[in-house]
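S.K.: got a predicted structure here, sequence first:
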Protein chains: 2
Amino acid sequence: MARSLLAAEQFLDEGFQAQITAAAAPLGFTARFYRSSQEIGEEIREAEVLFGSGFSDRLREARRLRWYCSSFAGVEHYMDPSLWPAQDCLFSNSAGAFGVTISEHIVMVLLMLLRQMPAYQRDLARRAWTFYAPIRSIRGLRATILGMGDIGTHTARTLSAMGAQVRGVRRDISKPADPAFKEVLPMERLEEVLPETDALVLALPSTPSTRRVLDRSRLALLPRGAYVVNVGRGAAIDQEALMEALDTGALAGAALDVMEPEPLPPYHPLWRTKNLLLTPHCSGNTSLGYTRERIVEMFLEDLARYAAGQPLLHAVDRSLGY
Amino acid sequence: MARSLLAAEQFLDEGFQAQITAAAAPLGFTARFYRSSQEIGEEIREAEVLFGSGFSDRLREARRLRWYCSSFAGVEHYMDPSLWPAQDCLFSNSAGAFGVTISEHIVMVLLMLLRQMPAYQRDLARRAWTFYAPIRSIRGLRATILGMGDIGTHTARTLSAMGAQVRGVRRDISKPADPAFKEVLPMERLEEVLPETDALVLALPSTPSTRRVLDRSRLALLPRGAYVVNVGRGAAIDQEALMEALDTGALAGAALDVMEPEPLPPYHPLWRTKNLLLTPHCSGNTSLGYTRERIVEMFLEDLARYAAGQPLLHAVDRSLGY
């Protein structure tokens, strides 16, 4: 009997389906495809491998599950062991696929803040032709990036190519770092670099250890006129303290693609915060062709390894939460 | 008697004034500073060197003028020989100082177009939390840059570092080109590359030969879904044809920092054109510290050369108009 692989992900068009089917067949798998996990019927009980998103309330039904590969990067919704049919199920994610698109978002919003684009746009919306000064440049900017994974690394490369001085801060500094990071510091030394940071970029996974990593006291260490960009998870920042720093002018600007809560309710004070550029958690979406291709490629790499009994390349470390 | 150097430029603060005064004195020049050329009195008659902006209607009064250095890049307002007190006056500009800031503008607006940022912002303005797909990436983008001076070169470097395939098109292909340009073509071959162009960037000076370089027939050669960015001069594009291409969806988007006329009057149809990101000729403004420093550095380099009777490094070629 063929082994069962069920994939639920909207972007898996005919081309991707053919690619997955062709790669799975020689490994003994029959692949079936769904637009969402909710469309899967009782056949989920026989699934050995699940691939896609939105499985947190379906996993437990998959009694024969051996491996779930998430097509997303964030895994905090799967950390509760009671969601899983068995505690020895393999779990992997697609964290390496979003660096390009999220780093492009970061560069875009950082330039928009530095060049006062929201102020220009407000005036242009009423057809007024105005000038703002001063603007600032990425050239010579002292950028500190928290999180040196795929997102942080792509961001460092672009900012460094544009002339910024880029520092990286991470939990484990024994890992190899891209040469675009001129300096690498452990999280414990974050306080040292904050006073010398013009732009702080948070590209951290959502884990207990990254919660409120930018708290009120650390925010206060940033120099007057600094910028903050968050694309990781909203919980990384003390939002109250950030709003105050923006409204009082202590910070020159911030861009949040993630916040608490999401979606942001219409009455939330973040909407009215000064010099704050909000986006609706769109930096890492899967509409980018490159991202989709990487997600599928990474899954198929690991499918071959799984079938051969080798360790997965993109396994989630449940103890770290990413 | 000391030779007279008059400088009229708003951004010349005390630091820059001291720098210029100190460099000019050993060369036999006394420097005087004004916020604008209109503040200069009869002493303009004795000026040997003028430096700054807004001199087109004052030059002729400077009967002893030997050299005018413009703090701007565009020189089209000085091409009329009747504006000058003598036809052998030297003329230089600051064209090399704007590449960093204008290339940052180009990267910003290109990312905003590729990532549908104006659509997100329209929804966010009414506190709606929405999603747009698909977005596109600079990675793999086929970018064609018209004009390979300081602006085009800085843009090519950044886009290339972000993974774009960058072609350059220029009048004189015998000049050395930055390695960020994967291919360099003469202006006569522009038609060949337009069908293979996802993003067309115009970074051209305003000269008779660049007028309507992107005319209706060339615009029609761009593939459906292409983007156009213009930071040079508005006259380079057939605006009517561009508006049609945007409104009919033939082009996916355009960003104009320059247009005809400027400032854009409130009733102008450009304001209502679909997928058009307008900015008020702010890409190359002199509010950026780096730009100001480069303008002054370039002037002082040439001041030393002028005093030594050497040719100016930043001389305008009156026959080419840049």
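M.R.: Nice, thanks for sending it over. Residues are numbered from 1 along each chain as shown, chains lettered A, B, ... in the order given.
S.K.: list the contacts of the closest residue to A:Gly321 other than its chain neighbours.
M.R.: Excluding the flanking residues, the one nearest A:Gly321 by CB to CB, 6 or more residues apart in numbering or on different chains is A:Thr207, at 3.6 Å. Bear in mind the C-beta positions are built from the backbone N, C-alpha and C, glycine included. Residues in contact with A:Thr207 (CB atoms under 8 Å, 6 or more residues apart in numbering or on different chains) are A:76, A:320-322.
S.K.: quick one: which of those residues has the most company?
M.R.: Neighbour tally across the contacts of A:Thr207 (other CB atoms under 10 Å in any protein chain shown): the maximum, 20 neighbours, falls on A:Tyr322.
S.K.: and chain A, what are its domains?
M.R.: With domains defined by automatic domain parsing, chain A comprises A:3-97+A:288-307, A:99-278.
S.K.: from memory A:Tyr120 sits against B:Thr279, does it?
M.R.: Yes. With contact defined as CB atoms under 8 Å, A:Tyr120 counts as touching B:Thr279 (6.0 Å).
S.K.: pretty sure A:Val228 sits against A:Leu200.
M.R.: Yes. Counting by CB under 8 Å, A:Val228 touches A:Leu200, with 5.0 Å between them.
S.K.: list residues touching both of those two?
M.R.: Joint contacts of A:Val228 and A:Leu200 (CB under 8 Å, 6+ apart) are A:214, A:222.
S.K.: mind listing the strands for the stretch 51-200 of chain A?
M.R.: Under the criterion DSSP state E, counting those that start in this stretch, the stretch 51-200 of chain A contains strands at A:67-70, A:90-92, A:142-146, A:165-170, A:183-186, A:199-202.
S.K.: nearest to B:Leu113, out of those?
M.R.: strand A:199-202 (22.5 Å; CB to CB).
S.K.: which residues touch the closest residue in space to A:Ala304 that isn't next to it in sequence?
M.R.: Distances taken as CB to CB, 6+ apart put A:Leu27 closest to A:Ala304, at 6.7 Å, once the chain neighbours are dropped. Applying CB under 8 Å, 6+ apart to A:Leu27 gives the contacts A:303-304, A:307.
S.K.: tell me, what's the model's pLDDT at A:Leu27?
M.R.: Here the pLDDT value assigned to A:Leu27 is 97.
S.K.: in chain A, where's the longest helix?
M.R.: Taking DSSP state H as the criterion, chain A has its longest helix at helix A:289-307.
S.K.: how far off centre is it?
M.R.: 18 Å (CA atoms, centre = their mean, to the nearest Å).
S.K.: do the same with stretch A:25-36
M.R.: 27 Å.
S.K.: any idea how many residues pack against the closest residue to A:Leu124 other than its chain neighbours?
M.R.: Closest residue to A:Leu124 in three dimensions, ignoring its sequence neighbours and counting by CB to CB, 6+ apart: B:Leu278, at 5.9 Å. By the criterion of other CB under 10 Å, B:Leu278 has 21 neighbours.
S.K.: what's the spacing between the residue nearest the centre of chain A and B:Tyr290?
M.R.: Nearest to the mean C-alpha position of chain A, counting by CA atoms, centre = their mean, stands A:Gly232 at 4.9 Å. Distance, A:Gly232 to B:Tyr290, using CB to CB, to the nearest Å: 30 Å.
S.K.: can you list the residues of the stretch 51-200 of chain A near chain B?
M.R.: Residues of the stretch 51-200 of chain A found near chain B (CB under 8 Å from any CB of the partner chain) are A:100-101, A:104-105, A:107-108, A:111-112, A:114-115, A:117, A:120-121, A:123-124, A:127, A:129-140, A:157-158, A:161-163.
S.K.: picking up where we left off before, can you tell me which of the strands of the stretch 51-200 of chain A is most buried?
M.R.: strand A:199-202 (a mean of 28; mean count of other CB atoms under 10 Å in any protein chain shown).
S.K.: got phi/psi on the residue nearest to A:Leu124?
M.R.: Phi and psi for B:Leu278, reported as degrees, to the nearest 10, are phi -100, psi 140.
S.K.: before we move on, what about the one 3 residues further on?
M.R.: Geometry field for B:His281 lists phi and psi as phi 50, psi 50, criterion degrees, to the nearest 10.
S.K.: test my guess that it contacts B:Asp257.
M.R.: Yes. Using CB under 8 Å, B:His281 is in contact with B:Asp257, at 5.7 Å.
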